[in-house]
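>>> Make a model of this:
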Amino acid sequence: MKFEQELKIIRRGTEEIITEEDMISKLKKAHSSGNPLRIKYGIDPTGYDVHIGHLVPIRKMREFQDLGHLGVIIIGDFTARIGDPTGRDESRPPLTPEEIKKNAEKYMDQLYTVLDPKRTEVRWQTEWFGGMSMSDVLRLMGKYTLAQFMAHDTFRRRYEEGLALGMHELMYPILQAYDSVAVAADVELGATEQKFNILAGRDMQHYFAMEEQVAILSPILMGTDGKEKMSKSLNNYIAVFDPPAEKYGKVMSIPDDLILNYFNHATLLPQSEIEQIGQQLQNRSINPMLLKKRLAREIVSLYHGREAATAAEAEFEQVFSMRENPDNMQEYMLGTDKIGIIELLVESGICSSSGEVRRMIRQNAISIDGNKITDIFYKVGCPGVVKVGKRRFLKVIKQDQEIL
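Residues are numbered from 1 along each chain as shown. Purely as a prediction, here's the structure:
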């Protein structure tokens, strides 16, 4: 088949393609017309801390870009005022336009670690929703029934359990669906939990007499604990903003049964090499620790380069094999006698928020010179070495102390 090689790339790491026949038809059309396919992915900028699980469909977009197609990123500056209800048991508080813009800019910085900027088109929902009238909105709503929406797992569960379900939340899939009309999407990417919303986009395009988009659904990357999906709230995530040593160490902490999953969905290794790794794991012909080190190098290299990966590996060996503190610890110069543990870790940038510090303290994941910290009001003096989790270190020194 003429497009078999392209289909092999597109199939890689996907859970479902709806439909593969439509995908083949679109590839044929793109080749005959010379016009690239428009590959859609929407981001909901209710936050900006992106983890590598978020980037599974983004890597698929990059593969499409490498095949000559165009990635279309939609900034959900309108739906962010609702918040995607998928998988949530409560409504999400709305954000201000300023917060949305700031989050979107930081979000895109992280997506560009994977995407080709020259083959990426960025669109904002307010381009088409900003000027819509109430009659336009009602016409969109009229294309769906309540029964359709009650088939949505999240909506049905919240309704049956008597949890709050705002009427505005029912609009989220409709707005996301209309995005596909507005940008003339040929393909929409998303995690398996987005299936309802993406199929709604196919329906919406059909209502507008457009060729229906292909839905390409990616698996959800498991968290480093191997038990739950990757999530910041569960502290089992690898963030794009994590420094190289942090990424390397987190990868080394995953259970062995996640190695192949991570090679498939978090690296750019050729499928032939990943299949070989799978055989080595199955035959037990190699120590899983060696494969995990290679996995960690591949992931760090993807975001920071080979040199940073080599340095991260050397630091890991020093800290975990030799049980030593790293040589290149971040330093914080203390201008007073003592500082609160929360203020110290947020101000130094070791933790992103006071909430993260509190969560880490509850998990007994913060220590100073080897002593666990259990009090969120603890005052830190100096000198001392603060350890957060297994891989973050901060050396506290006096402002007038000589730095060696």
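
>>> and the closest residue to Tyr378 other than its chain neighbours, what is it in contact with?
If the residues on either side of it in the chain are set aside, Tyr378 comes closest to Ile341, at 4.5 Å by CB to CB, 6 or more residues apart in numbering. For glycine as for every other residue, the C-beta is placed from the backbone atoms N, C-alpha and C. Taking CB atoms under 8 Å, 6 or more residues apart in numbering as the contact definition, Ile341 lies against 357, 361, 366, 373, 375-380, 386.

>>> Give me the buried subset of those residues.
Among the contacts of Ile341, the ones that count as buried by 16 or more other CB atoms under 10 Å are 357, 361, 366, 373, 378, 380, 386.

>>> Could you single out the nearest of those to Met252?
Taking CB to CB as the measure, Met252 sits nearest to Ile366 out of the buried ones among the contacts of Ile341, at 20.2 Å.

>>> Show the pLDDT at the nearest residue in space to the closest one that is not next to it in sequence.
Taking CB to CB, 6+ apart as the measure, Ile366 lies nearest to Ile373, with 4.6 Å between them; neighbours along the chain are not counted. The confidence metric pLDDT takes the value 88 at Ile373.

>>> any low-confidence regions in the protein?
Within the chain, the stretches with pLDDT under 70 are 1-2, 81-94, 320-325, 327-328, 399-404.

>>> right, and the pair among the buried ones among the contacts of Ile341 with maximum separation?
Farthest-apart pair in the buried ones among the contacts of Ile341 is Ile361 and Val380; separation 12.5 Å (CB to CB).

>>> Check the gap between the residue nearest to Tyr378 and Ile373 for me.
Using CB to CB, to the nearest Å, we find Ile341 at a distance of 6 Å from Ile373.

>>> and for those two, which residues touch both?
Contact with both Ile341 and Ile373 is made by residues 361, 366, according to CB under 8 Å, 6+ apart.

>>> how near is the residue most central in space within the chain to Met141?
Averaging the C-alpha coordinates of the chain gives a centre point, and the residue nearest to it by CA atoms, centre = their mean is His54 (1.9 Å). Here the distance between His54 and Met141 works out to 29 Å (CB to CB).

>>> now swap in Glu160 and tell me
In this structure, Glu160 lies at 23 Å from Met141, with CB to CB as the measure.

>>> Skip the chain neighbours and tell me the closest residue to Lys293.
With CB to CB, 6+ apart as the measure, Glu313 is the residue that lies nearest to Lys293, at 6.7 Å, once sequence neighbours are left out.

>>> again, but for Gln213
Ala185 (4.6 Å).

>>> measure the one you found to Lys118 for me?
Using CB to CB, Ala185 is found at 20 Å from Lys118.

>>> Between the two, which is the more surrounded one?
Ranked by neighbour count (other CB atoms under 10 Å), Ala185 and Lys118 place Ala185 first, with 27 against 7.

>>> was I right about that one contacting Val72?
Yes. At 6.7 Å, Ala185 counts as touching Val72 under the criterion of CB atoms under 8 Å.

>>> joint contacts of these two?
Among the neighbours of Ala185, those also in contact with Val72 (CB under 8 Å, 6+ apart) are 38-40.

>>> sorry, back to before: these two touch, right, the residue nearest to Lys293 and Ala296?
Yes. Between Glu313 and Ala296 a contact is recorded at 7.1 Å, counting by CB under 8 Å.

>>> helix, strand or coil for Gly13?
coil (DSSP: H, G, I helix; E, B strand; the rest coil).

>>> Surely it and Ile220 touch.
No. Gly13 is beyond contact range of Ile220, at 11.9 Å (criterion: CB under 8 Å).

>>> Now do the shared contacts for these two.
When contacts are counted by CB under 8 Å, 6+ apart, Gly13 and Ile220 are jointly contacted by Val56.

>>> So those two - more neighbours on which side?
Between Gly13 and Ile220, counted using other CB under 10 Å, Gly13 has the larger neighbour count: 20 against 17.

>>> check contacts around that one.
Residues near Gly13 by CB under 8 Å, 6+ apart: 56, 59-60, 218-219, 264-265.

>>> Thanks again, I'm all set now.
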